[in-house]
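>>> What follows is a predicted protein model with its sequence.
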Amino acid sequence: MCRVFKIWKKIYRRIFKVTLNEVAWIGAISLTILLIWTWINGETKVHKHGDYPVIMWWTSGFPGTSETIHCPNNIKCDFINDKNYNKIFNVDAYLFYASNIKFDDLPLPRNPNDILWGLYHEESPRNVEELLHEKILSLFNYSATFSRYSDIPFPLQYLESLEDITSTKYFKPTRVKTNLLNELSPILYLQSDCETATERDIYVKELIKFIDIDSYGACLNNKEMPTKFQEDYLNNLNDDDFLNYISRYKFVLAIENGVCDDYVTEKFWRAIKIGTVPIYFGSPTIKDWLPNNKSAILLEDFPTPKIMSEHLKKLLNNDNLYDEYLTHKTKEEITNKKLIDEFITRQYQRDTLEVASKFECFICEKLHEKKVGIQVKRVVSKRHYDCPKPISALTLQVNPSNDWVYTWETAKKRADDIYQRVINFK
């Protein structure tokens, strides 16, 4: 043991040219041995199965360590989450969590024939505007997005359960809501994000000229919340007390911050859950996900605030007409088979990490197919993340003076530049 210690001591002095006392020498040598053991063990853990394809999450966003993942049909891949390994091992596929993607930090050169790129994106178009453009999307081979046309789709990511649709836990009967009109407006608007691509505040400003609206939050605020909700309501939107409070309203304005096919957020599903009628604008494909034919009032069917207000007043004066929008509560009825089938068939979409795991195994399967000579080359298209130029809730058209239209156009130029840099990188 003493001989080994002396050898290590001599090596340290020769490499680092330092003089330490005996205790410090022991600590330094022990630390070195530990680091070398960790490095060797880490290397072995990643590549102990040399036949397994290697996948790396290039961006942050999902927890995990370097390990071998086990997928259906006895398929396995080695996963590494440390970018430093990128210089050591041959990576077969890179995965990107779009919200954390940095286009000036990509694993280049990009060789689409040898290495697959996978895109995971659950957010709205304002999140990463470059991805609104097909040039950038085409850099990726496969996707996991809210679009039904994605490779791993999750259009119902904000629907927690089918039971939420029919449950009467928070539901207030129409007669109760009618009596509450003495103290509440018929419509609830709750927003603290006041500058959106859909110009929802501009729409509400017009609608409120024709019908009363209680507007909470930072945007168009005309009514204060009860004290118990004021401190941190944004982080308590799903608390029982808060859901019971907002369920007293007959209608809620549910206007998304962006327009994309199949992008339907908690704004819509929360209204369905508590049993108030959503006045909805956002996904052009929303009718495919309504529990019943009349589960929401769509801006596209009543194209101006004045026309919308006339329809709402008609419902306020006729409880039977109003109740036609609530059969998912009053009759515990879901007639949309497509919604039921989608939710049951793809149960993974209720959990972000399950979606990520599903995507990882999908990519792993593609790598195994590639290994045995099956053609797997594919390119993500606009259908996988279909968000057109920003559309105004007020006019249902593109507003050229909307700042978000300008940023959409500048993002297109950035997307073109990024695409050229990636494909021409040598």
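Everything's here; your move.

>>> Count the neighbours of residue 324 for me.
16 (other Cβ atoms under 10 Å). Any C-beta I mention is one placed from the backbone N, CA and C, and that applies to glycine too.

>>> ugh, wrong one, residue 103
16.

>>> Please tell me I have it right and it contacts residue 130.
Yes - look at residue 103 against residue 130 with Cβ atoms under 8 Å: they come within range, at 6.6 Å.

>>> Overlap of the contact sets of the two?
414, 418 (Cβ atoms under 8 Å, 6 or more residues apart in numbering).

>>> what residue ranges in the chain score low on pLDDT?
Scanning the chain for pLDDT under 70 picks out 1-50, 61-66, 84-89, 426.

>>> middle-most residue in it, spatially?
Centroid-nearest residue in the chain: residue 122, 2.3 Å away (criterion: Cα atoms, centre = their mean).

>>> residue contacts, that one?
145, 146, 154, 157, 352, 355.

>>> Determine which two of those are furthest apart.
Greatest spatial distance among those (Cβ to Cβ): 145 and 352, at 12.7 Å.

>>> out of the two, which sits in the busier spot?
Between residue 145 and residue 352, counted using other Cβ under 10 Å, the more crowded position is residue 145 (31 against 15).

>>> For residue 139, see how far away that one is.
Distance of residue 145 to residue 139, computed by Cβ to Cβ, to the nearest Å: 15 Å.

>>> again, but for residue 124
From residue 124 over to residue 139 the distance is 21 Å, taken as Cβ to Cβ.

>>> Ok, residue 273 next?
38 Å.

>>> who has more neighbours, these two?
Neighbours per residue, other Cβ under 10 Å: of residue 273 and residue 139, the larger number sits with residue 273, 25 against 20.

>>> so that one sits in a strand?
No - the assignment for residue 273 is helix, going by DSSP: H, G, I helix; E, B strand; the rest coil, so no strand is present there.

>>> okay, now the residue nearest to it when sequence neighbours are not counted: neighbour count?
Once flanking residues are discounted, residue 273 sits nearest to residue 164: 4.6 Å by Cβ to Cβ, 6 or more residues apart in numbering. Residue 164: 16 surrounding residues under other Cβ under 10 Å.

>>> again, but for the one 5 residues further on
Number of residues near residue 169 (other Cβ under 10 Å) recorded here: 13.

>>> Doesn't it belong to a helix?
No - Residue 169 is assigned coil when assessed by three-state DSSP, not a helix.

>>> Can you give me every residue that contacts it?
Contacts of residue 169 by Cβ under 8 Å, 6+ apart: none found.
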